[in-house]
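Enquirer: sequence first, predicted model second:
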Amino acid sequence: MNIDFHHGVTYIAARLAGFSESDAEIVAHSAQYVDDAINTGEIRFDNGMMYARIASAHRMLDYHNARALDSHRVWLPFHFLPGNGGLDAECSTPAGSELDFAKRAMCRADSPLARDMLRGTILRRDRPHALHRLGIALHVYADTWAHQGFVGFMSVINQARDLASEMPLPRRRLSKLALDLWARARDAAIGLFVGEIFPVGHGAVLGYPDQPFLRWNYTNGLGERIERDNPRDFGAAARQMFVAMVRFRAGDPDCAVAIPEEHFHRVDRWLAEIKDADADVRHARWLELIRSGEFGFKEEVGYVGKGARSWKHEALETAREIDLVGETFHFRPQFLNSDWKLFHDALQVHRLFVLNELLPAYGLCAA
């Protein structure tokens, strides 16, 4: 999923779930920032103190990055949460072979493991970084719909053939129609090449899983023909995120939740109707809908991931996207409670929980 869903739709679901504007902004910003936190390493301060951060993504979501440790520490906990074959923890035994592990590491929409990830997040809602962690967990949870069927490390499962979409082709001049058909053939060819050489995540099917309006299909590395309906899946993800957020606010991971379908039918409509290929353009449309009161509230919402007015800029007074080698920052007491630090605190807690507690409970182990 892209910024239009991770930020825009997450904000809408948060407000519908009863979060205040400011809390909804923290949750939605954190959900998107998972894709933008590409730097790792220590922050050094002029008073001798230090802060260590981790990355939750690679530059431009580079699925060519196939190093095993990167896969286990970035793609698995933050983007391709293992689905464990849909089995509950009590039904799980340790993976018996490399292929068995890969099949159980395959992402599955709303898996028991994903729900337990949310449960762990809700039960720790008293922590200073709780809202930031919720946003991170919601990013991962939403991606279980978009990334279902793929594995967050190099695997034959991620290979894809005969990639095709079912986007309607309106009547156009023959030259334009030919260009459209050529583009689809090009996508299929590129996807095949990437899938064969760099079978990490959904690189072999390019950005198809992240386009909210797209219906598409392909043959995976196990020879199975897979049909995908993104509008349906994204709508389901938005509803279940709403449920999780209501439960977070209640502090009860099991409470019953009524979904306000009149609002989510509108979400469904725009997921299907906003069809620009550029995620930033789609994001702008969602922000316009929020400003117009489409979902029952009129608010000015924005997102600055890097540079001036970003969380990092507010925390460290730097507008640089990449720190200078050996750079030292001036320490200010407000750093300790800054959104940037709390987000990175939450990243580390989330990764530790997923890798050290959650996966082992299901008989799985990752670095």
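Expert: Sure, I can see it. Numbering: from 1, shown residues only.

Enquirer: separation between the residue most central in space within the chain and Thr219?
Expert: The structure's the chain has its C-alpha centroid closest to His139; by C-alpha atoms, centre = their mean the separation is 3.8 Å. For His139, the distance to Thr219 equals 28 Å [C-beta to C-beta, to the nearest Å]. Placement of C-beta: from N, CA and C, glycine included.

Enquirer: least confident secondary structure element in the protein?
Expert: None of the helices or strands of the chain scores lower by mean pLDDT, DSSP states H and E than helix 174-197, at a mean of 44.

Enquirer: any weak-confidence spans in the stretch 51-200 of the chain?
Expert: 59-70, 167-200 (pLDDT under 70).

Enquirer: now do 50
Expert: 60-66, 168-200 (pLDDT under 50).

Enquirer: how about the strands of it, start to end?
Expert: Under the criterion DSSP state E, counting those that start in this stretch, strands of the stretch 51-200 of the chain are mapped to 160-165.

Enquirer: what about the helices in it?
Expert: For the stretch 51-200 of the chain, the helices defined by DSSP state H, counting those that start in this stretch occupy 68-70, 76-78, 98-105, 112-122, 130-146, 174-197.

Enquirer: what does the fourth one contact?
Expert: This means helix 112-122. Contacts to helix 112-122, defined as C-beta atoms under 8 Å, 6 or more residues apart in numbering, come from residues 81-84, 86-89, 108, 130, 133-134, 137, 140-141, 144, 244, 247-248, 251-253, 350, 353-354, 357-359, 361-362.

Enquirer: which among the residues you listed end up buried?
Expert: In terms of neighbour count (16 or more other C-beta atoms under 10 Å), the buried residues within the contacts of helix 112-122 are 81-84, 87, 108, 130, 133-134, 137, 140-141, 144, 244, 247-248, 253, 350, 353-354, 358-359, 362.

Enquirer: and the gap between the nearest residue to His132 once chain neighbours are set aside and Phe248?
Expert: The spatially closest residue to His132, leaving aside those adjacent along the chain, is Ala346, at 4.0 Å (C-beta to C-beta, 6 or more residues apart in numbering). Going from Ala346 to Phe248 by C-beta to C-beta gives 13 Å.

Enquirer: cool, Asn39 as well?
Expert: 28 Å.

Enquirer: with Lys103 instead?
Expert: 31 Å.

Enquirer: now Leu123
Expert: Where Phe248 is concerned, Leu123 sits at a distance of 10 Å (C-beta to C-beta).

Enquirer: next: Asp278.
Expert: Distance from Asp278 to Phe248, by C-beta to C-beta: 32 Å.

Enquirer: Leu355 too?
Expert: 22 Å.

Enquirer: cool, Ala102 as well?
Expert: The separation that Ala102 has from Phe248, given C-beta to C-beta, amounts to 32 Å.

Enquirer: Glu300 too?
Expert: From Glu300 to Phe248 the distance is 24 Å (C-beta to C-beta).

Enquirer: then Gln32?
Expert: Taking C-beta to C-beta, one finds Gln32 at 18 Å from Phe248.

Enquirer: cool, His313 as well?
Expert: Distance from His313 to Phe248, by C-beta to C-beta: 28 Å.

Enquirer: again, but for Gly363
Expert: Between Gly363 and Phe248 the computed distance is 28 Å (C-beta to C-beta).

Enquirer: Ala258: neighbour count?
Expert: Ala258 is flanked by 7 other residues according to other C-beta atoms under 10 Å.

Enquirer: need the contact list for the closest residue in space to Ala361 that isn't next to it in sequence.
Expert: If the residues on either side of it in the chain are set aside, Ala361 comes closest to Ala89, at 4.8 Å by C-beta to C-beta, 6+ apart. By C-beta under 8 Å, 6+ apart, Ala89 lies in contact with 112-113, 116, 361-362.

Enquirer: farthest-apart pair in these, please.
Expert: Spatial extent of those (C-beta to C-beta) is set by the pair Pro112 and Ala361 at 10.4 Å.

Enquirer: quick one: secondary structure of Arg285?
Expert: Assigned with DSSP: H, G, I helix; E, B strand; the rest coil, Arg285 falls in the helix class.

Enquirer: so it is in contact with Leu271, correct?
Expert: No: between Arg285 and Leu271 there is no contact under C-beta atoms under 8 Å: 11.0 Å.

Enquirer: which one of these two is surrounded by more residues?
Expert: Just comparing Arg285 and Leu271: by other C-beta under 10 Å the higher neighbour count belongs to Leu271, 25 against 17.

Enquirer: that one: which element?
Expert: Here Leu271 sits within helix 261-273, counting by DSSP states H and E.

Enquirer: and Ala13, how far is that from Gly120?
Expert: 20 Å.

Enquirer: try Ala277
Expert: As defined by C-beta to C-beta, Ala277 lies at a distance of 36 Å from Gly120.

Enquirer: pick out whichever of the two has more residues nearby.
Expert: Gly120 (18 against 10).

Enquirer: phi first, then psi, for Gly307.
Expert: Gly307 adopts backbone torsions of phi 80, psi -160, taken as degrees, to the nearest 10.

Enquirer: how many residues are close by it?
Expert: Number of residues near Gly307 (other C-beta under 10 Å) recorded here: 12.

Enquirer: identify the residues contacting it.
Expert: Contact analysis of Gly307 by C-beta under 8 Å, 6+ apart lists 313, 319, 321.

Enquirer: mind listing what Arg108 touches?
Expert: Going by C-beta under 8 Å, 6+ apart, the list of residues near Arg108 reads 83-86, 114, 144, 148.

Enquirer: please convert these to JSON lines, extending it with distance to Gln334.
Expert: Listed next are those as JSON lines, based on distance: C-beta to C-beta, whole Å:
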{"residue": "Gly83", "distance to Gln334": "40"}
{"residue": "Asn84", "distance to Gln334": "42"}
{"residue": "Gly85", "distance to Gln334": "46"}
{"residue": "Gly86", "distance to Gln334": "45"}
{"residue": "Ala114", "distance to Gln334": "35"}
{"residue": "Thr144", "distance to Gln334": "36"}
{"residue": "Gln148", "distance to Gln334": "41"}
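
Enquirer: great, nothing more from me.
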